[in-house]
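K.L.:
Based on what follows, work out the 3D shape:
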Amino acid sequence: MDTVRMSSLLQADEDKLKSELRADAVVDQSKKQSITRVNDLFSQLLLRYNAENAEDPMRQALADCQTAPVRDMVDLLNAGTAKKETEKRRVRASAVICLLLAVICALSSALLVRTSFPAGIAFTAACGVFGFLGGLLWYGEREVNVQAGLDPEVIWRTLKKTTETMDRKADEFIAQSVSLQKDGRATSAHAKATSLSPDDLKLYGDLLEGLYSENGDYALRQLKKLPARLRAQGVEICDYSSDTAELFELLPTKNKASTLRPALVCEGELLLAGRATEPVPQVQATGR
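P.N.:
Okay, the predicted model is just below:
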């Protein structure tokens with residue numbers, strides 16, 4: 001069964017998410033609403049991802065670890081500010097020329113209005129026109145309104161890249177974890193094998209030699225070395241007696257009590273219960 005990926009779950013909601021982000025930017029003009037929507041999106045993606053990977057707790061834990069900081073970082077989209085700013089522009093040369101022409105026309109009108117009334121009126125009109133043009137072309141300070149918003153396409157590309165990165169890092173982590181587990185098992189097995197002393201290895205080798213060669217006498221001679229090796233490792237061998245009866249499994253017999261298998265004890269703790277025989281009292285029949 002293929003693993004469900006975070007990016008594929010996001011891809012399924014592409015059209016719905018884009019339309020909602022456009023509505024936030026164009027209709028509502030609410031950046032805060034878009035940020036809340038993105039945060040909720042990651043929460044829903046995490047729930048669906050965990051449901052699809054219910055049998056893989058490692059992937060669930062990784063998704064939770066990756067999604068938590070991403071959701072916290074979404075609030076950084078609200079860190080920007082939008083302020084009104086005053087823009088200063090240079091005065092155009094044409095405005096200065098028009099104002100100078102307006103002054104010239106005003107002076108000319110004042111000189112000619114007594115000698116030629118129509119000419120004075122014409123210069124007066126020209127003065128008004130040039131004055132109007134000079135004022136129209138004259139630029140000073142202008143206040144500009146700035147509207148801060150979020151681009152739906154940029155948000156979508158960022159979310160898509162983020163989920164793809166989360167999937168890739170999750171795959172790399174799980175692959176590395178599996179490799180480390182294999183190396184750990186191999187190292188543990190090697191450590192257990194090398195923890196045997198040379199005397200232990202020699203004893204086991206001699207016993208196996210007796211088994212393979214089917215030489216019972218040789219095997220029995222090697223087995224006599226076993227109690228000494230056990231004592232060297234701190235294991236005490238206990239034979240059956242009335243004092244050690246609690247360490248043994250008792251089997252009934254008509255013969256005398258004997259030890260079939262000694263009990264193994266280490267620092268007062270029973271490692272292996274022994275096995276012994278215990279005679280059963282005989283009941284004598286009485287005649288009439």
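
K.L.:
From now on I want contacts and neighbour counts done on CA atoms only, so please keep to that.
P.N.:
Fine.

K.L.:
Show me which residues of stretch 250-265 are buried.
P.N.:
Residues of stretch 250-265 classed as buried by neighbour count (16 or more other C-alpha atoms under 10 Å): 250, 257-265.

K.L.:
T259 belongs to a strand, doesn't it?
P.N.:
Yes. The assignment for T259 by DSSP: H, G, I helix; E, B strand; the rest coil puts it in a strand.

K.L.:
List the contacts of it.
P.N.:
239-240, 274-277 (C-alpha atoms under 8 Å, 6 or more residues apart in numbering).

K.L.:
let's see it at 10 Å
P.N.:
Neighbour list for T259: 238-241, 248, 250, 274-278 [criterion: C-alpha atoms under 10 Å, 6 or more residues apart in numbering].

K.L.:
E278 should be in a strand, yeah?
P.N.:
Yes. Counting by three-state DSSP, E278 is part of a strand.

K.L.:
For it, give me the pLDDT.
P.N.:
What the model reports for E278 is a pLDDT of 88.

K.L.:
Give the closest residue to it in space, chain neighbours not counted.
P.N.:
Distances taken as C-alpha to C-alpha, 6 or more residues apart in numbering place A257 nearest to E278, at 4.7 Å, with adjacent residues excluded.

K.L.:
so the one you found makes contact with L251?
P.N.:
Yes. If you go by C-alpha atoms under 10 Å, A257 and L251 touch, sitting 9.5 Å apart.

K.L.:
Touching both of the two, which residues are there?
P.N.:
Counting by C-alpha under 10 Å, 6+ apart, the residues touching both A257 and L251 are 276-280.

K.L.:
Let me have those in JSON lines, extended by neighbour count.
P.N.:
Formatted as JSON lines, the shared contacts of A257 and L251 follow (neighbours: other C-alpha atoms under 10 Å):
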{"residue": "A276", "neighbour count": "23"}
{"residue": "T277", "neighbour count": "20"}
{"residue": "E278", "neighbour count": "18"}
{"residue": "P279", "neighbour count": "14"}
{"residue": "V280", "neighbour count": "13"}
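
K.L.:
Now distance to S108 too, for those, in TSV please.
P.N.:
Listed next are these as TSV, based on distance: C-alpha to C-alpha, whole Å:
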residue	distance to S108
A276	143
T277	146
E278	148
P279	151
V280	152
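
K.L.:
Which elements pack onto the helix or strand harbouring M166?
P.N.:
Take DSSP states H and E as the rule and M166 turns out to sit in helix 152-194. Using 3 or more C-alpha pairs under 10 Å, 6 or more residues apart in numbering; DSSP states H and E, the elements in contact with helix 152-194 are helix 6-12, helix 14-22, helix 31-52, helix 57-73.

K.L.:
7 Å - rerun?
P.N.:
helix 6-12, helix 14-22 (3 or more C-alpha pairs under 7 Å, 6 or more residues apart in numbering; DSSP states H and E).
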